[in-house]
Structures are given as structure tokens and as C-alpha cells.
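Student: I'll drop the sequence and a predicted model, then ask my questions.
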Number of protein chains: 2
Amino acid sequence: MNYRLFSLLVLGLLFSKSLIAQEVEQWGRFEKTFTAKATGNPFTEVTLTAELSNGYTTYSVAGFYDGKDTFKIRFMPPKTGKWRYKTSSNVAGLTNKKGEFTCVAAARGNSGPVRVSDMYAFKYADGTNYYPFGTTAYAWTHMGEETQEITLNTLKNSGFNKLRMCVFPKNYELVKEAPDLFPFEIKEQKKDADGKPYTVWNFDKFNPAFFQHLEKRIDDLNKLGIEADLILFHPYDKGRWGFDAMPNEVNIRYLKYLLARLSSYKNVWWSLANEWDYVKSKTVSDWDLLAKTVAQNDPYKHLCSIHGATATYYDYRKPEFTHVSIQDETPVQSPNAAAMLRHIYHKPVIADEVGYEGNLKSRWGRYSPEEMTYLVWNGVLGGTYVTHGECYMAAPTDTIFWAKGGMFKGTSWKRIAFLRQIVEAFPNPLSLSDVSRDNVTATAGDGQYLVYFGKQTNDSWLFNLPAKNSSFQKLTAGQRFKVEVIDTWDMTIQPDPQIFETASENDYRLYDKTLKKVRLPLKPYVALRITEIK
Amino acid sequence: MNYRLFSLLVLGLLFSKSLIAQEVEQWGRFEKTFTAKATGNPFTEVTLTAELSNGYTTYSVAGFYDGKDTFKIRFMPPKTGKWRYKTSSNVAGLTNKKGEFTCVAAARGNSGPVRVSDMYAFKYADGTNYYPFGTTAYAWTHMGEETQEITLNTLKNSGFNKLRMCVFPKNYELVKEAPDLFPFEIKEQKKDADGKPYTVWNFDKFNPAFFQHLEKRIDDLNKLGIEADLILFHPYDKGRWGFDAMPNEVNIRYLKYLLARLSSYKNVWWSLANEWDYVKSKTVSDWDLLAKTVAQNDPYKHLCSIHGATATYYDYRKPEFTHVSIQDETPVQSPNAAAMLRHIYHKPVIADEVGYEGNLKSRWGRYSPEEMTYLVWNGVLGGTYVTHGECYMAAPTDTIFWAKGGMFKGTSWKRIAFLRQIVEAFPNPLSLSDVSRDNVTATAGDGQYLVYFGKQTNDSWLFNLPAKNSSFQKLTAGQRFKVEVIDTWDMTIQPDPQIFETASENDYRLYDKTLKKVRLPLKPYVALRITEIK
């Protein structure tokens, strides 16, 4: 065999191997790297898109420059089977590149991205119910590596499946750390009139390393089954870096670059802003424009919302917003108040800030663990979702999980994990059985109830349920039930030994036909799981 | 003087007299009648409009056929001075009719129509504050004359300044009376297969007498200072007359005819529907169309909203709706819950049904007077408005004010009149001082507070107010206050003899500098009026 023939054989083997090896899980990530000598500004002067088709559906995805003369396209295949791609570019070496890969069935633990389902709830793409039980660590990716690893470990051992986190670093009273990496290239370091150093950014050039790091962390969360509720803008800059006050042209370029990189990450959600109304440089029409930019540049239509300061409600009926993401204490004061937001918006509702467990001086950061748990239960009873946060600071060096990640010091997180188990054991999402009337009874379907007494302390409960049962069938006489008593604080579930049978409707409610009662512990925060025996 | 000359003189005098006599109050009603032999169907075949101008502003108003060969145009002049009109019609005898009148200053008691003011509140056109304290008598104009007169007398002696009432008659369990007059001409009386008589309407022809009667009653309400919140469609027909299920072509013709007749009535509001979602023949896009029809055909843009069943929220952000008009118990469970609707809609909020005082079997019609009063106070504290209703039925012949009018049997109406006096004595509309945090303190400006303890029974109150004061200036140290203790049930206002002076802010609140307390009666439903002494 001469050298030439040998080389051809090897090349042939490599080629066929590479064809065979190109397997990507459903909702996983196909990534293709191209090399081209970048002249001028490759972030702004090079266009790169790819069309991906399985013969039935075609996706158009934007590519992006990843530094060091490399360009990438990424794709999240929504269906198994063979997919072919073809690139288009204004650079000869990047255009008309073709190839294919095979999308194989998702592995266990990969249920795809989360979607809105049944108007008020969520499901993974594979149809599995998803109930958001989130927490908050705004600037965790901007801390030292050790803190980031500790944060991941904390999350791993928690019951949270969503994390609110910022793309941009935070400059706030309780979070002053400068990150190692910034999203833009540094143009020059200057000093102001007082000799204070500041950075002039080259807003024309992104820093790929910043985004590579963010991507790694989003993948780390994905491995833990946690959705990254990514906050794209926030007001906590206060003139330090200026990322809250960039021109809209830069904002849009930033969003398009971020979306080109991140849309193929199945566990990403877009949160246009935290406390949008505190971002003084942007108007509502700016936010509308940015929301539209996100919607138009995300081929997969990941979940998207926007979050304001206390009691500041955006117009969540706008089509760009898949769900309501609010900061307000009022809706979690009672299940009915929470449910009101469902009736107004006809979308899933997440109260992404209702105040936090902690010991801060600020009133939003000093709930007792009992209070935090109570507010989460209220929201969940009302058919909405409530995000946790923890703000303990004993020493000035404390990371305060809500800000920087680190370790939990509180105790509500365990109770929320316990609640998550209860919610996930039901066949359907919860909603109030008899809206605006009965403030303690939620239903998860025919014969499936969760009653929560909140701060009430009762020695017993006369078995009774409302005749109305949300959108499910009305309760009728002769249905038989078992009752379990849930101590939401001590996290115990005790079955009551009795069997209950409904009598006929009596003034909108059905009682046990022999008026049986359930004995309750004389404590607050008691709940009942009531299940029909068929 | 020969007869001819005399006639001319008389005619001349009459003519100049009529020119002089044509004086109309500002926001009063100019009406001009024209006679023309009506051929064909004058409701559908004759077009008549008029342009009215004072040289600066021109209004185009639709005329209407009022029966017996008479056609009318009506106009509500918004400004004093000389106004000229000119008609256009497809009938020679109605077109190009010209004339003028003088609009003179409004008399005492005429403040013009009610408008939205300062986003969440209302003012009359002359700038006077208007706070809606409404009640409900859906079908009062369809009862016998005697009942109608009793109703007017009841309203005269009440504190209500708004009345929810239906154009169409009601066919409901508790209201079965057929009215003397119907809005459409009767085509024929038929019998169905079971021999039950029914009416076939000529939907092409209105019955002017029906509308003349309605107009008289709206004018009667105007004399009492009561706004007519006119319900244009409702579901309480159940196949008896079919007015809930007319084709949209008829709905639109009906609205245009009604608006041509009634837009010039200064005290009219448009309520597209009661319980719109129970009108099974109409979709949301039908309602949108009807709302647009109203907005486009009302030259004066009277207040307009739409009202659903319990917890059914329309998209009140649509521009046709000047305010939110809801049926829901939840927002009046607490002032903060009520305020949530302000933050969501950025419009004035009226809870037009939260259940009613009464003794009915239905749970929406059996609140105690204390409960009805409590719910109204909760809504008012939250910066919204709550409509009263009364549903007492001792004998089957009872009119039930909510349905047919008649006399009040309850006792909350007096307490609501008392609350109205308190609200009207403030310089500005109320809103919560510290939204989503403090659920008992409302403000009406700098140094103007209303605190309501609802069902709490307290022996005393440590003087303290939130630092935050809605959109007004923050409270500061050294401000001096007097406090009056209000018994909202017994309707007494007792001044506390002390003078209070704020110390510095302490954890979001300001206390009296010597920690003075106010002694309270050991009763529920106690409020405080707190006024700065300057």
C-alpha cells in the first residue's frame, strides 16, 4: 500500500466515522464550528445563519462568532431522525456549508424545554408536568469559582427546579464584587475627574469568554434539572459599568448575540428584566421592542416574561410574554388573591418575588421561614407559583444566597421541596375549587383535593368540600374519600383512619353523610390531602 | 291692521322670540325636531346627521327617527357661547336645515358628565371630584309606574350617585314581569308547538315610546344627581324575547339608535353588558365589535366598561374601556387586593358586584349589612369603588331593590352614604399609602389619612403612619396631626383630644414622638381620620 492510498483510506474512515458519530439527543444541542479568518469586526460584519431541516420542518438559526477565528451554529433538534443543515454567510469560507446529524431519543432526565400548558400551567416538551419551584441567586455566576461550585452543590441538594439569575453583574449595596469576565471587550481604562478608574467598553465587540462561562453554568444547572430563568437586563448597575443604559442598538445586538448562543439550551427562560421600572434609561416602548426582539430571534420560543418592582404590573397579555412574572406581596396574602391574576391574564402566574426569608434590615429580606413557606403555599393553592429567596447575613462576608449563591442558612427551602413532592404527586395542576368563595380548597382533578388552613389553628375539621370543583366535574353524593393530615412545617403526612362519604349538596357544599370529622394537630400551617377512593 | 300684516308681525315676533329663547345650559341638551313624511322604513332608510360648531370645535351627531313623522337631533354643548347646526340627510325635507342656539353657563347642580381623572379616579367635566357610590336596580324601568316612582323616591333619600340598570327587560328567577313597552316593533304574536305565545319582533323598527320612557327615567335620575350606568346587553332573557341573541347587524343598529338618542344625556354611562360571559350567543370578538361601535358613535366619549360574571375579567386595557367594572368578591377581601387591580389596569376600578346585602338563598344575595359595608370600605381604602345592592325578599311579592327597585329594607345604604361624606370631605381621591405592605392606611394627600381596621377589635392604637405616602410626599418628623375616631357602623365621628407629632422614621414608620395612643371603642369596623394641623 502506498502512502497516498493509505491516506485516502484513513480519511475515508474518518469521514464515515464522523457521519456516524454525529448523534444528538432530542432537545440536546447540535453544534457545528467553522473556521474562517476574521477580518474587520466579525461580531458585526459577518453574517452567518443556517437552515436545519428534517424534511418536514425547517428552522433558521443564527450563528455567532466565538472568538479566535471560530464561528458556530447551534441547534436544539425538536424531533428524532435525520436533520440536515446548510449555512449562508457573507463570508465565502462560511457559506453553503452542509452536513447532517441524527437526532436520537432523549435520555432519561431530558424531557425537553418547558412550555405553557392548559393556559395556567407548564409541561416539559415530552408532556411531563413541570411545576416551577424556583429560587434566586442573581449574581452567582459573577462570584469566584469556589462560590459557584458551592452554589451548584447547594442547589443539587435542594428541591428547586428554577433559578433566577442575571446575565450582567450586579452593583448593589449587598453585591459589590466585580466579575472576572465582562460581556464586552474593554476599549480602555480611564479615570474620571476624581481619579476614580472606569472602563470604556467596546460595545461593538463581545467577550466570548464571558458567554462561554455563562453557558457552562446553564449546562451545569441543566444537569441538576434546573431551569435558568435568565434576567437579560436589570437596574443594579448604578453607573458602574453602564450595562443598564446602553443604546437600544447595542441592547438589540446584545440580545441577538445572546439568543444565537443560548436559544439551543433547553433549560433557558428569558426574563427581560428584573425591576424593569427601576431601569430609568428605558421606557415601556423600549421594553416592548426588546421583548419583540427576543420573541423574533428565539427559534424555539422559550418561556419569556418581564419582572417589575413591587406591584408594578407590565401588560402581560402581550403575546411576547408566555407567563406572568411579578413582584408583589399582595397576591400571596391569600389563595384567592393569587388566583385573581390567573383570571386577569389567562396565563401561568409566577410570583417571582414576594419577599424573602432572611434577617436583613430591609423588610423584603426578613421573612421568617414559616412566613416564606406560608406565602408559597398560598400562591400554590391559588393555582400560581411562588419563587423562594434567602437573605441571611450574619457576617458582612456572608454571600446571601439570594445575591451571590453559596449555602442555604434558612429552613423554608426544605418545606418548599416537601410541597413540591405533594404537588407533583397530583395528576393535574392545582386550582381553587370554588373561586372567590372558598379560600382554602384547591383541586387537582376529580376527587383530588388539597386544603390548606394557613395560619388558622383548628382542633378538627368537619369533612366538607365545595360542590363546585374548578373546571372538573361537580362533586356529587356518594363519593368516598380518604384524608391525610399534612403538617407543612414538620413535613409529616398522617393518614386519617376513617373513610368519608359525601351526602347530598347542602348550601353549596357536601358533608360526610354521618358528619364525620378529622382530628387536627393544634398548630398553624396544617393541610389536608383528600383523595377519592374508587 | 289687516290680517295679513298682523300675521306677519306675530310670525316675526315668534321667530325672534324663538331665536332668543334658544338657550341651553352647558352640558344640557339641545334638541331640534324636524317633521318629514316618512316613507319606507324611516329607521333604516333615512340618514340624518348634524354638524354643530361654535367656530372652534365641530361635533358631528347622528339624528334619529322618533315616530309620527318626527326626526330629531340632540346635542350636549360642552362649551358656553353660540353654536350653529346644519343637518345632512338623504331626505330633502331634513337636509341643510340650519340654526343656532346659545349655550349658557351650567346651573348649580350641573357639573357636566363624569370623566376619568388622574388615572384612577373620576371628575365631573367642571373639575368637581366624583366618587361613584352606586347601587343596582336592573329592571326598575320595566316595572309599573308606581314602583318606578317609589324607586326614585328611595334613591332621592339615599346617598347613591350611580345606578346600574338594564335597557332590556329581565327574565330571571326573581324578575319575571313583562314591561309595558318593548324596544322593537311587534311583527306578530305567535304560539309555539305547545301553544305558548311568543312575539316575533320587527328588528328593523324600534319602538320610540320605549326609548322615550327610558330617557324620561334617565332625566329623572339626573335631577337626583345620579349617573345612569346603563347596561346595554345582558343574558337574563333565556329565550323569552331574544334580545340577548340578536344578530350583530341588529345589535349594531340598536346601539347606534340608542347612542343617537342618549349620548346627549350627560349622566349616562355605557355598560356593554352584565355578565357578558353568560351571553352564550356572543364571543369576545363580538363584544370587542360592540364596544368599538359604542366608542365610535358616542361624540362625547361617556364612561364605558363591560361587566362579567364572578372573577371573569375582560381585557380592560383595551382603549374602548374607560374603567374596570368587575364582578368579584376577592378584590374587596382586603384593600391591597383591590389596589392590585389599579396596578394591573391603570384605570379607575369599580367592583360593580361583590355580592349584596339581603336574605336570599343564593350566596351572592345574603350578606349582612355589616358585611356589605365592610366590603365597600375595603374597596374604597384600596382606591377603588364598590357598588351596593340590596336583595331582601320577605314575601314573594317583594320587589327586591336590586331587581325591580322599590324601597330599601336594609341598612348598609345609610353607612355607605356616611362613607361617601367622609370620602368627599378629602381633597383628593384615596389610595393606599404603602401599597402591598400596609393594608389599613389610605391617603388622600399630604397630611390626609384614612385608617380602617375592618373586623379587628382594638382597645387602642399607637399613633403611627407609614413613611411612604402613595404618590404624595414622604411623611417627615415634626408633622402635627389630629385624629378622629370613626364608628363606621354607628356613624359617629369623635375627635381625640390629643395632638400628635411625628418622630423620625423608625423601620418604615413614624410614631408620635412621645408614643401617644388613641383609645378606641372595643368594636369592629372602626376607622380613623388623621389630619395634619398646619
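Tutor: Yep, that arrived.

Student: Need the pLDDT of the spatially most central residue of chain A.
Tutor: Centroid-nearest residue in chain A: residue A:229, 3.6 Å away (criterion: CA atoms, centre = their mean). The model reports residue A:229 with a pLDDT of 98.

Student: Report how many residues lie close to the residue of the stretch 401-534 of chain A found nearest chain B.
Tutor: The nearest approach of the stretch 401-534 of chain A to chain B comes at residue A:436, 4.5 Å away (CB to the nearest CB). For every residue, glycine as well, the C-beta is placed using N, CA and C. Per other CB atoms under 10 Å in any protein chain shown, the neighbour tally for residue A:436 reads 20.

Student: Over to residue A:507?
Tutor: Residue A:507: 8 neighbours (other CB under 10 Å).

Student: Over to residue A:100?
Tutor: 15.

Student: OK, contacts around it?
Tutor: By CB atoms under 8 Å, 6 or more residues apart in numbering or on different chains, the contact set of residue A:100 is A:19, A:22, A:82-85.

Student: Closest one to chain B out of these, please.
Tutor: residue A:83 (39.5 Å).

Student: That closest one: helix or strand, and which one exactly?
Tutor: Using DSSP states H and E, residue A:83 maps to strand A:81-89.

Student: before we move on, what about residue A:99?
Tutor: strand A:98-104.

Student: How about the residues of chain A by chain B?
Tutor: A:310-313, A:315, A:317, A:328-331, A:333-334, A:336-337, A:339-340, A:343-344, A:363, A:435-437, A:507-508 (CB under 8 Å from any CB of the partner chain).

Student: from those, which would you call buried?
Tutor: A:310-313, A:315, A:328-331, A:333-334, A:336-337, A:339-340, A:343-344, A:435-437 (16 or more other CB atoms under 10 Å in any protein chain shown).

Student: Which of those residues fall within helices?
Tutor: Among those, the residues falling in helices (DSSP state H) are A:336-337, A:339-340, A:343-344.

Student: Farthest-apart pair in these, please.
Tutor: The distance between the two most remote of these (CB to CB) is 12.9 Å, for A:336 and A:344.

Student: And what about the residue nearest to the centre of chain A, helix, strand or coil?
Tutor: strand (DSSP: H, G, I helix; E, B strand; the rest coil).

Student: now the one 3 residues further on
Tutor: Reducing the assignment at residue A:232 to three states with three-state DSSP gives strand.

Student: OK, contacts around it?
Tutor: Residue A:232 neighbours (CB under 8 Å, 6+ apart): A:167, A:255, A:258, A:270-273, A:290, A:294.

Student: Out of the contacts of residue A:100, flag the one nearest to residue A:223.
Tutor: residue A:22 (22.4 Å).

Student: Next, work out how far apart that closest one and residue A:299 are.
Tutor: 20 Å (CB to CB, to the nearest Å).

Student: Ok, residue A:225 next?
Tutor: For residue A:225, the distance to residue A:299 - CB to CB - is 24 Å.

Student: what about residue A:471, how many residues close to it?
Tutor: 11.

Student: I'd like to know the beta-bridge partner residues of the residue lying closest to it once chain neighbours are set aside.
Tutor: For residue A:471, ignoring the flanking residues on the chain, the nearest one in space by CB to CB, 6 or more residues apart in numbering or on different chains is residue A:431 at 7.5 Å. Residue A:431 has these beta-bridge partners by DSSP bridges: residue A:443.

Student: Now do the same for residue A:431: its pLDDT.
Tutor: For residue A:431, the predicted pLDDT is 98.

Student: which residues touch it?
Tutor: Contacts of residue A:431 (CB under 8 Å, 6+ apart): A:120, A:339, A:342, A:382-383, A:442-443, A:470-471.

Student: out of these, what pair is the most spread apart?
Tutor: A:382 and A:471 (14.9 Å).

Student: For residue A:312, give me its contacts.
Tutor: A:275-277, A:327, B:343.

Student: let's see 7 Å
Tutor: A:277, B:343 (CB atoms under 7 Å, 6 or more residues apart in numbering or on different chains).

Student: what's the answer for residue A:388, then?
Tutor: Per CB under 7 Å, 6+ apart, neighbours of residue A:388: A:134-135, A:372, A:376, A:412-413, A:416.

Student: hmm, try it at 6 Å
Tutor: Taking CB atoms under 6 Å, 6 or more residues apart in numbering or on different chains, we find residue A:388 in contact with A:135, A:416.

Student: What distance do you get for it to chain B?
Tutor: Separation of residue A:388 from chain B (CB to the nearest CB, to the nearest Å) stands at 18 Å.

Student: So that residue: helix, strand or coil?
Tutor: Per three-state DSSP, residue A:388 ends up coil.

Student: Give me the phi and psi for it.
Tutor: phi -90, psi 160 (degrees, to the nearest 10).

Student: Give me the distance between it and residue A:135.
Tutor: For residue A:388 relative to residue A:135 (CB to CB), the value is 4 Å.

Student: try residue A:43
Tutor: In terms of CB to CB, residue A:43 sits 34 Å off from residue A:135.

Student: If you count neighbours, what's buried in stretch A:149-166?
Tutor: Neighbour count says stretch A:149-166 has A:150-152, A:154-155, A:158-166 buried, by 16+ other CB under 10 Å.

Student: circling back: show me how far the strand holding residue A:99 is from its chain's centre.
Tutor: From the chain centre to the centre of strand A:98-104 is a distance of 29 Å (CA atoms, centre = their mean, to the nearest Å).

Student: go on, stretch A:501-510?
Tutor: 41 Å.
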